[in-house]
Structures are given as structure tokens and as C-alpha cells.
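Engineer: Mind looking at a prediction? Sequence and model below.
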Amino acid sequence: MRFNPKSRLDTSRVGDGGSGGGGGGGPMRIPLPGGTRAGGGIGGLVIIILFVVLTQCTGGGLPGGTGSGTGIDPQGGGTDASRMDDSERYANCKTGADANEDEDCARVAVENSLVDYWTKTLPEQGGMELQPATLRTFSGAVNTGCGEASSQVGPFYCPPDQRIYLDTTFFRDVLEQQLGGEGGDFVEPYVIGHEYGHHIQNLMGTMGQVRTQQGANSDAVRLELQADCYAGMWTSYAEDSELITLDDGDIAEALDSAKAVGDDRIQQKSGQGVDPEGWTHGSSEQRMAWFTKGYEEGTLEACDTFSASQL
């Protein structure tokens, strides 16, 4: 993955909260398949199942959270920016040349590319204008419109904030070391593309279709596979765009990451045996297949997992 060194980067939607986090009434605890709960002290192999499950909480936010589910400041001031206090982590990200030298600036460039793509694609295919999501990195814990989250939760999208939250240690500590992903410079862009897919679902009202939360054919799985498909759509655009150039190795890295976070792979790693009734995100094969479908076909219609008879 390389970036056009002459491109200018826009850091206005990307911020960093530093380490620690804020108040929020104690650690957030989320139910997991089989009754396991995530919270202080739970190991990474279990909580990785939460990869994006937070996005399914569209009403009152996460358990214990305060989000309204609308993405709008309840005081009427538009998107709530109160949690966007910035550590200046991205202050030196000016150009694509910076992105080629610094992984933080590469993250900005990926966000810029996603905004460029969905600004064009959502009106053309979805009939609505894009309200860009924001992206916040953090370390340790973060206070969100969905409640307080620790780094154990992994990357997630919070609908009330219309924001993607990302502890960047996830890719090394969990995805590679615990789940056996091969890593690479396109792993994080794939994940951010998946989370941005959840933002598109939020804008289009797709999240409101989720009724069943677990099982191989559940709405939750359909939601996650659709986000993988949307990530594939963007990847196809980014492959040879004005800002980003990808190669076959980058696509392989995305597919390997999708494989690593399949429910069956996670269950195997946990030693509990594969149980499709506990799935929330889909199998490794399904995740790779739907990413590939989005990559090859490039349309919202092709990514309609909710109408698909076979996942």
C-alpha cells in the first residue's frame, strides 16, 4: 500500500484521546455468546468476539451507556464533539508523503479515502448524502456515546457518536499474536473499512433491521457480513485511486484478516469447539466471501445480505 506523496491530508475528522479514558460509571460489560461477559480481566480470545458487536446497540447505546442512538447531540447542536479532545497525535500529517512514512498519517489517508468513496457512492447508489463519521484512536479506555469501553473490546463503531473507536494495539496484541493473523499494512485499513461500513448501515437505517442477535443465519451475522462487503467495495475503489495504490499482497492481507476474525476461527482458538448457534459475525469463509463479493461487484445491491437466502 502506497500513498500519492503530493496528496493533501484532511485531519479534521480524526483525533486521539491519548491513554486512560474518562468516567462513565465503571467498566462496560457486554454479554457474549454462551453467557460469557466481557469486562475487566477477560482474555483477548474471548472478547475479540466483540469486534463489532457494539454496533448492534442502536437504541439506548451499550448496556450502561447514555447514547440516544440518533448520532445527534441531545442538546440540539448536531453531532456531539465533546469526546473529541485531541492529543495532537495527527498534527504533523499533512501529505501522502507523510502517510508513506508514518502509520498514524496512513490512518488519516485511509479515512480520507473512505470519505471520498462514500461521498460519491452513497448518493449514487443509496440515494442519500454522506454524513462522514469521525475516527478516534485511544489507549487503555475511552468514554463514548455508547458507554465506557476498554481496549479489550477491539475496534468498534458507536452509532450515537457516529464515530469509529480504535485502540491500535489491537492489531498486534490480538489479531496477530492471539488469533494468528499474518499482519501487514492493509490489515488496519480493512478493519477501518469494515467499521465505516457500519456507519453506512447506520445512515441507511439497516441497523434497525437487526432482530436476532446470534446464530449462523441471524440478523447480527448478516449485518457484519454486509460491513465486510462494504469494506470490499471501498478496497476495489482504493486499489488504484488518486490517493492510494494497492497490490495483490494488500488484498491477501485483507482476506487473511477476515479469516482470522471468523466466528469459527475464534471458537477454535478458544478451545470451546465450533458452535454456529453462538455466531455473531459469520465464519471465516463467509467473511472472506462477502469481502470478495463487494470487491468484485462494487454495489450496495450486491451486498444486500439481508435478502440473501444463502450466506
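Structural biologist: Received it, and whenever you're ready, just let me know what you need. Nothing here was measured: the structure is a model prediction, and the numbers come from that model. Residues are numbered from 1 along each chain as shown.

Engineer: And for residue 122, the neighbour number?
Structural biologist: 18 (other C-beta atoms under 10 Å). The way it works is simple: take the backbone N, C-alpha and C, and place the C-beta from them, glycine included.

Engineer: Who are the contact partners of it?
Structural biologist: Counting by C-beta atoms under 8 Å, 6 or more residues apart in numbering, residue 122 makes contact with 128, 129, 130, 200, 203.

Engineer: Likewise for residue 196?
Structural biologist: 114, 118, 133, 157, 164, 230, 231, 234.

Engineer: Would you enumerate the residues in contact with the residue most central in space within the chain?
Structural biologist: By C-alpha atoms, centre = their mean, the chain has its centre lying nearest to residue 195, at 2.2 Å. By C-beta under 8 Å, 6+ apart, the contact list for residue 195 reads 52, 155, 156, 157, 164, 166, 227.

Engineer: ok, residue 114 to residue 140 distance?
Structural biologist: Going from residue 114 to residue 140 by C-beta to C-beta, to the nearest Å gives 26 Å.

Engineer: tell me the SS of residue 143?
Structural biologist: Assigned with DSSP: H, G, I helix; E, B strand; the rest coil, residue 143 falls in the strand class.

Engineer: Name the residues linked to it by a beta bridge.
Structural biologist: residue 148 (DSSP bridges).

Engineer: Make sure residue 229 is actually in contact with residue 293.
Structural biologist: Yes: if you go by C-beta atoms under 8 Å, residue 229 and residue 293 touch, sitting 5.6 Å apart.

Engineer: shared neighbours, the two?
Structural biologist: 302, 303.

Engineer: who's more crowded, the two?
Structural biologist: More crowded of residue 229 and residue 293, by other C-beta under 10 Å: residue 229, with 27 against 20.

Engineer: Check that one and give its pLDDT.
Structural biologist: pLDDT recorded at residue 229 is 98.

Engineer: Then residue 140?
Structural biologist: Reading off the model, residue 140 has pLDDT 87.

Engineer: in terms of contact, does residue 233 touch residue 293 like I think?
Structural biologist: No: Residue 233 is beyond contact range of residue 293, at 9.2 Å (criterion: C-beta under 8 Å).

Engineer: list residues touching both of those two?
Structural biologist: residue 303.

Engineer: Which parts of the chain are strands?
Structural biologist: 2-3, 14-19, 30-31, 37-38, 134-139, 141-144, 147-150, 156-158, 163-166, 244-245 (DSSP state E).

Engineer: out of those strands, deepest packed?
Structural biologist: strand 156-158 (a mean of 27; mean count of other C-beta atoms under 10 Å).

Engineer: what lines up beside that one in the sheet?
Structural biologist: strand 163-166 (antiparallel).

Engineer: Going C-terminal from the partner strand, what's the next secondary structure element?
Structural biologist: Sequence-wise, the next helix or strand downstream of strand 163-166 (DSSP states H and E) is helix 170.

Engineer: about what we covered before: neighbour count: residue 114 and residue 140, which is higher?
Structural biologist: residue 114 (29 against 13).

Engineer: OK, contacts around that one?
Structural biologist: Per C-beta under 8 Å, 6+ apart, neighbours of residue 114: 192, 193, 196, 234.

Engineer: now with 6 Å?
Structural biologist: Residues near residue 114 by C-beta atoms under 6 Å, 6 or more residues apart in numbering: 196, 234.

Engineer: For residue 133, see how far away it is.
Structural biologist: 8 Å.

Engineer: Out of the contacts of residue 196, flag the one nearest to residue 184.
Structural biologist: Nearest to residue 184 among the contacts of residue 196 is residue 231, at 15.1 Å by C-beta to C-beta.

Engineer: Show me the shaky parts of the stretch 51-200 of the chain.
Structural biologist: 51-86, 173-183 (pLDDT under 70).
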